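1. Provide a 3D model corresponding to the input given below.
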Amino acid sequence: MSILVFDIETIPDTELGKRLYGLEGLSDDDIAKAMTTRQIQKTGGSDFLPPHQHRVIAISVLYQREGRPIKLWSLGTEESNEKDLVHRFFDGIAKMTPTLVSWNGTGFDLPVLHYRSLLHGVDAARYWERGERDQQFRYSNYLSRFHWRHIDLMDVLSGYNLRGAAPLDQISVMIGLPGKMGMEGKLVWKTYLEGNLPAIRNYCETDVLNTYLVFLRWKLISGGMSAKSHASACADVRAMLSNSGQEHLLEYLKAWQQPA
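-> Residues are numbered from 1 along each chain as shown. Now for the predicted structure:
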């Protein structure tokens, strides 16, 4: 069995906003402000855009397969366009058929990826499989909420009750992880406009780390792994971070508290 933990970072799809609301001639920043203003008016308070109005600028993943070293990386390069990033994500699913692990992937990340795949015509047939071509997907697929081919930890830990949902950052800190480190979702657009995509990719990777380590703790409490196996898996993460040679991962390791 293999695990693919993932997270995405997005910005407003200003090209869509321009067409939807007739905003030709405005800067991207002004279009984004107009889009969020309309969203506030629509919701009565929230400026968070609906999934179809987001554009993907980073996808980070952690791949873990029994007997092999864990690997953490951001898909593509800083020059990759959105279509390439989305293609790489669904192509990885087609090639590896991993168990997906996310935090609020059902509520946000995957709907965004659905719409962006639709926009770019990206082949995601393996992801959408429900048993028509592969019978094993009839009773275990990526799309049914209560199957285990995609584990949305926010959903699972809240008991599938929105009122019980919690932010990844706070749950990470609760169990002794660094949580957010100098970046958060609301700063992504500003950071993107400043041309600092590497910082966004790094931030996305640390969110994937938080998600994976929460996943390991959930596996421990749910009987999916022993205390010894949990300690070994955490040690593997520490070793990967220590050997990474990447400043943001070494900073994460330094900030990671030893569990009580």
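
2. which parts of this structure are strands?
-> Listed from the start of the chain, the chain has strands (DSSP state E) covering 2-12, 54-65, 71-74, 99-102, 150-152.

3. partner strands of the fourth one and their direction?
-> Translated: strand 99-102. Strand 99-102 has these partner strands in its sheet, going by DSSP bridges: strand 2-12 (parallel), strand 150-152 (parallel).

4. circling back to that earlier point, turn the strands of the chain into JSON lines, columns for mean neighbour count.
-> C-beta: built from backbone N, CA, C; applies to glycine. Conversion of the strands of the chain to JSON lines gives the following (neighbours: other CB atoms under 10 Å):
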{"stretch": "strand 2-12", "mean neighbour count": "23"}
{"stretch": "strand 54-65", "mean neighbour count": "22"}
{"stretch": "strand 71-74", "mean neighbour count": "17"}
{"stretch": "strand 99-102", "mean neighbour count": "22"}
{"stretch": "strand 150-152", "mean neighbour count": "21"}
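
5. quick one, helices of the stretch 151-260 of the chain?
-> 153-157, 168-174, 188-193, 197-221, 227-242, 247-255 (DSSP state H, counting those that start in this stretch).

6. residue 17 is nearest to which of these?
-> Between residue 17 and the helices of the stretch 151-260 of the chain, the shortest gap by CB to CB is with helix 188-193, which sits at 12.6 Å.

7. what does that closest one contact?
-> Where contact means CB atoms under 8 Å, 6 or more residues apart in numbering, the residues beyond helix 188-193 that reach it are 9, 10, 11, 12, 28, 29, 32, 57, 183, 199, 200, 203.

8. hey, C-alpha coordinates of that helix in CSV?
-> C-alpha atoms of helix 188-193 as CSV (Å, rounded to 0.1, in the frame of the first residue of the first chain):
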residue,chain,number,x,y,z
VAL,A,188,-0.4,33.6,-0.6
TRP,A,189,-1.9,36.1,-3.1
LYS,A,190,0.3,38.9,-1.7
THR,A,191,3.4,36.7,-1.9
TYR,A,192,2.5,35.6,-5.4
LEU,A,193,2.2,39.2,-6.6
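
9. buried set for that helix?
-> Buried positions in helix 188-193, judged by neighbour count with 16 or more other CB atoms under 10 Å: 188, 189, 191, 192.
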